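**Q** Here is my input, please return the structure:
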Amino acid sequence: PRKSPRSAKKNETKEEEVDDYLETTGENVDMAINKENLEDLNDSHNISILEDNSTPQRKPSPSDAIEILSPLNNTGSYPSSAASVEDKLFADFKFVFTSANRPNKVHDFNKREYRTIIGERGGIVKEDFLDIKEGELFVLIADTFYRTHKYLSALSLSIPCLSCLWIQECVANRKLLKYEEFLLPAGESTSEPGRICQWKPLKGVLFNGKRVIVYNRYYNEDPNVVSFGEIWIPMMRNLGATVVGIENGEPFSKEVNKTVTLEAKLEFCRKTNFEFFLTENDCEPELAGCVSAKNALAVSSEWVIQAMITGELPRVEECDCFRYDYMRE
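**A** Take a look at the predicted model:
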């Protein structure tokens, strides 16, 4: 069995960490999970569900990010006690950094330097969002928008993605500044290159009420690699979906999937209600056919990424790479 094309290294060096792209668009970014060329995961043929169940939308505002974290006062800075000094500037915050190789850097973003700047001012830099607790003030810092695991995780959790310039300006002004002008976009549309979509709160909203099966045929046994399921099951749950088929003994759980028969997977799909089947291009055609017969959609991770960037569920027909069986040339 080949390695899953949707995986990420668990441990990168803190000083020179470079996140891997989960997917790329037309920007010629030569970066892939585990430094392998990515093959697109893809979708299906039946779009009737999306026509009847579009994601509820409201016009997003950059202030959504501020409201999620903390109320602002009228002076343009966060309230602080008289005892606060510059070395406590970021004391209430936890930060996650992300970046990836790009031909044209937007801003100089040296993670080692920013880690020092934040640490000297009371902030905490974390490697991921795994231990996030309700009420904690988390922000993601980057030099521009990305499609890295960390950036997409932040989007799925409605965590503000801020330019590294926010850190610079806060330090220069010796106070916490409002986020609006530093809020990074969600990303660039895959089906409409050049369309930059703004950040919006997605946690518990985008797939609210939807039931999803997350499936990859093969598992990478390397303990240092995050598998397709380990990436996308938490992400879909963050977005409000109910992930089915992965409980103990069920055919799409990690351990059972290694030995279970195709017929057992088909039987589970036939008797289970779900709207989406998130998978890779090595999915058995019989499974995809069963999904289609139920008027559900077999989709790629790129389809989910597009939904996260635009804030709405796209039609599979909008782009070939939204199909589950799409093969990158």
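**Q** just for the stretch 51-200 of the chain, where's the confidence low?
**A** 51-85, 102-106 (pLDDT under 70).
**Q** For it, which segments are assigned as strands?
**A** Using DSSP state E, counting those that start in this stretch, the strands of the stretch 51-200 of the chain run over 93-97, 124-126, 137-142, 161-163, 187-188, 196-197.
**Q** could those go into JSON lines alongside mean neighbour count and distance to Ser253?
**A** All C-beta atoms are positioned from the backbone trio N, CA, C, and that covers glycine. Converted to JSON lines, the strands of the stretch 51-200 of the chain look like this (neighbours: other Cβ atoms under 10 Å; distance: least, Cβ to Cβ, whole Å):
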{"stretch": "strand 93-97", "mean neighbour count": "20", "distance to Ser253": "29"}
{"stretch": "strand 124-126", "mean neighbour count": "16", "distance to Ser253": "28"}
{"stretch": "strand 137-142", "mean neighbour count": "22", "distance to Ser253": "29"}
{"stretch": "strand 161-163", "mean neighbour count": "23", "distance to Ser253": "32"}
{"stretch": "strand 187-188", "mean neighbour count": "22", "distance to Ser253": "31"}
{"stretch": "strand 196-197", "mean neighbour count": "16", "distance to Ser253": "34"}
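**Q** Tell me which of those strands sits nearest to Trp232.
**A** strand 187-188 (16.9 Å; Cβ to Cβ).
**Q** Check which helices and strands the closest one sits against.
**A** Under the contact definition 3 or more Cβ pairs under 8 Å, 6 or more residues apart in numbering; DSSP states H and E, strand 187-188 sits against strand 196-197, helix 301-310.
**Q** measure Phe228 to Glu286 for me?
**A** Applying Cβ to Cβ, to the nearest Å, the value for Phe228 to Glu286 is 20 Å.
**Q** Tell me which of the strands of the stretch 51-200 of the chain approaches Phe268 most closely.
**A** Among the strands of the stretch 51-200 of the chain, strand 187-188 sits nearest to Phe268 (Cβ to Cβ), with 33.6 Å.
**Q** Give me the residues contacting that closest one.
**A** 25, 27, 145-147, 151, 194-197, 305, 308-309 (Cβ atoms under 8 Å, 6 or more residues apart in numbering).
**Q** Any chance of a PyMOL selection covering the buried ones in the residues you listed?
**A** Burial among those is assessed by 16 or more other Cβ atoms under 10 Å; the matching PyMOL selection reads:
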select buried, resi 25+145+146+147+151+197+305+308+309
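**Q** Low-confidence bits of the stretch 201-329 of the chain, can you list those?
**A** 329.
**Q** hmm, try it at 90
**A** For the stretch 201-329 of the chain, the stretches with pLDDT under 90 are 217-227, 248, 254-255, 257-259, 327-329.
**Q** Strands of that one, residue ranges please.
**A** Going by DSSP E, counting those that start in this stretch, the stretch 201-329 of the chain shows strands at 211-214, 225-226, 242-243, 276-278, 297-299.
**Q** Relative to Cys164, which of those strands is closest?
**A** Closest among the strands of the stretch 201-329 of the chain, using Cβ to Cβ: strand 225-226, at 24.8 Å.
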